[in-house]
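Undergrad: Quick one: sequence and predicted model below, then my questions.
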Amino acid sequence: MEKIRFDKLPQDVRSVLQQITLAADGKGVSVWLVGGMVRDLLLGRSSFDIDIVVEGDGVAFAGLLTKRLGGESLIHRRFGTVAIDLPNGLKVDVVTARRELYAHPGALPDVIFAQLSDDLFRRDFTINAVAASLNAVDLGVIRDDFDGVADLKKGLVRIMHYRSFVDDPTRIIRAVRYKKRFGFKLEARTLSALKTACHEDVFMTITPVRYFNEFKRILDEDDPSSALRRLRVLDGLRYFSFGQVEERLLDKIVRSQATVFSYQESWSDVRLLRLAGLLCFLDKPRVDQLMVLFNMPKSDKQKILEFLHFLRVPDMLGRLKTREFATSPKRRTA
Ligand code: CTP
């Protein structure tokens, strides 16, 4: 029986997992660690967000956990999920094991509470569908019903079923993100399903907010440029009207936080300034419209406008084009 070891995790994460074990055993329910943390542990990478599946009443279990650990919780009864923000800054997502039914492409799913294997099957990719037990009796024992461990070893991103991208088009963005982050390949049928879904224009079946919530995570990656280029080819950057933009310029702008923006000590929000880099090709009314469509908070809007002003006023774009900023500049001293 393959087991996962938690001893490489930071101490604060391990003590949260220990509390989950105590709560699960105390209540007599089966609880599993799933998703990114299991995947990252198997890849030998660090990870901080804790996703757990409860075979039973996840909302009640989350209540118990919040009593033990403190923090704020956000409950979605319809989905049987609770997001807990712990006082030490860690996050725990608790879900009740469930199956999902999609009434139409891009719809939010109807939910039926079920077993762990159903919950693993509803997930995006096999590499995110491996679970590790958090109960003391079989702590760390892996449940790998869909060969996610083999795919991790082979470096493959593989969907669970052919309609996956149609049911949830945000998975197209996720597939590109994982492919680039881990240097993986899209498995052959997955690639074919992804192309078919893009052909069917599935991005239009989800709201701009849902699109943006997944899209912005690409901007947090160490090197988002190649993922953005790939998404552009898949027509996944259409909100930004990127058709005519020269790709090398896009690359430079996304990298520009290391150059242009490093002059400005206070502009530390990498995600926002990369977003500004993408928006700087658009006219002001379109930028305003997108910020509304994406439901961006007011403080983010202000920062973006500040970045855009900076990009436009000293003709940063022109200077980027002439490669003035091709290499890292020295930091400006006061
Ligand atoms: N998930 C999914 N379909 C989505 C979003 C999420 O099936 N559209 C599932 C995956 O199993 C994923 C888990 O929910 O691993 C948690 O989602 P998220 O936090 O977005 O992913 P992580 O893998 O934890 O984080 P990251 O991608 O940043 O490493």
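TA: Sure, I can see it.

Undergrad: show me where pLDDT drops low in this structure?
TA: Applying pLDDT under 70 to the chain picks out residues 241-268, 311-334.

Undergrad: and it, which residues reach the ligand?
TA: Within the chain, the positions lying close to the ligand (C-beta under 6 Å from any ligand atom) are 35-36, 49, 51, 123-124, 128, 168, 170-171, 174. In short, each C-beta sits where N, CA and C put it, glycine included.

Undergrad: Can you tell me, leaving aside adjacent residues, what's nearest to the residue nearest in space to the middle of the chain?
TA: What sits nearest the mean C-alpha location of the chain, by C-alpha atoms, centre = their mean, is residue 217, with 5.3 Å. Using C-beta to C-beta, 6 or more residues apart in numbering and skipping residues adjacent in sequence, the residue nearest residue 217 is residue 177, 6.5 Å away.

Undergrad: Make sure the one you found is indeed in a strand.
TA: No. Per DSSP: H, G, I helix; E, B strand; the rest coil, residue 177 lies outside any strand segment and is helix.

Undergrad: Am I right that it is in contact with residue 219?
TA: No. When contacts are counted by C-beta atoms under 8 Å, residue 177 is not listed as touching residue 219 (10.2 Å).

Undergrad: For these two, indicate the residue with more neighbours.
TA: Comparing residue 177 with residue 219 by neighbour count (other C-beta atoms under 10 Å), the higher total belongs to residue 177, at 21 against 18.

Undergrad: Quick check, the residue in the stretch 201-334 of the chain closest to the ligand?
TA: The minimum distance from the stretch 201-334 of the chain to the ligand, using C-beta to the nearest ligand atom, falls at residue 217 (6.3 Å).

Undergrad: secondary structure element for that residue?
TA: Assessed by DSSP states H and E, residue 217 sits inside helix 208-218.

Undergrad: what angle separates the helix or strand just after that helix from helix 208-218?
TA: Per DSSP H and E, the first helix or strand lying C-terminal to helix 208-218 is helix 225-233. If you take axes from the mean of the first three to the mean of the last three C-alpha atoms, to 10 degrees, helix 225-233 sits at 150 degrees to helix 208-218.

Undergrad: list the helices and strands helix 225-233 packs on?
TA: Helix 225-233 sits against helix 170-182, helix 208-218, helix 247-255, with contacts defined as 3 or more C-beta pairs under 8 Å, 6 or more residues apart in numbering; DSSP states H and E.

Undergrad: Let's see that with 7 Å instead.
TA: helix 170-182, helix 247-255 (3 or more C-beta pairs under 7 Å, 6 or more residues apart in numbering; DSSP states H and E).

Undergrad: Give me the distance between the spatially closest residue to residue 167 that is not a sequence neighbour and the ligand.
TA: Sequence neighbours aside, residue 102 is the residue nearest to residue 167 in space, at 4.4 Å (criterion: C-beta to C-beta, 6+ apart). Per C-beta to the nearest ligand atom, to the nearest Å, residue 102 is found 12 Å from the ligand.

Undergrad: cool, and residue 180?
TA: 12 Å.

Undergrad: do the same with residue 106
TA: From residue 106 across to the ligand, the span is 11 Å (C-beta to the nearest ligand atom).

Undergrad: Just the residues contacting the longest helix along the chain, thanks.
TA: Longest helix in the chain by number of residues (criterion: DSSP state H): helix 11-27. Residues outside helix 11-27 that contact it (C-beta atoms under 7 Å, 6 or more residues apart in numbering): 6, 31, 48, 50, 52, 61, 64-65, 68-69, 86, 88, 90, 92, 134-136, 139.

Undergrad: Can you say which of those are buried?
TA: The neighbour count (16 or more other C-beta atoms under 10 Å) marks 6, 31, 50, 52, 61, 64-65, 69, 86, 90, 92, 134-135, 139 as buried among these.

Undergrad: okay if I get those as TSV plus secondary structure and distance to residue 306?
TA: Shown next, in TSV, are the buried ones among the contacts of helix 11-27 (DSSP: H, G, I helix; E, B strand; the rest coil; distance: C-beta to C-beta, whole Å):
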residue	secondary structure	distance to residue 306
6	coil	43
31	strand	45
50	strand	35
52	strand	40
61	helix	44
64	helix	45
65	helix	40
69	helix	38
86	coil	32
90	coil	31
92	strand	35
134	coil	45
135	coil	50
139	coil	49
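
Undergrad: and which of the residues you listed is nearest to residue 232?
TA: residue 50 (33.7 Å; C-beta to C-beta).

Undergrad: show me the contacts for that closest one.
TA: Per C-beta under 7 Å, 6+ apart, neighbours of residue 50: 13, 16, 33, 37, 90-92.

Undergrad: closest to the ligand among those residues?
TA: Distance to the ligand across the contacts of residue 50 (C-beta to the nearest ligand atom) is lowest for residue 37, with 6.8 Å.

Undergrad: Run the chain-centre distance for the helix or strand that contains residue 73.
TA: For residue 73, the host element (DSSP H and E) is strand 72-76. Computed by C-alpha atoms, centre = their mean, to the nearest Å, the chain-centroid distance of strand 72-76 equals 19 Å.
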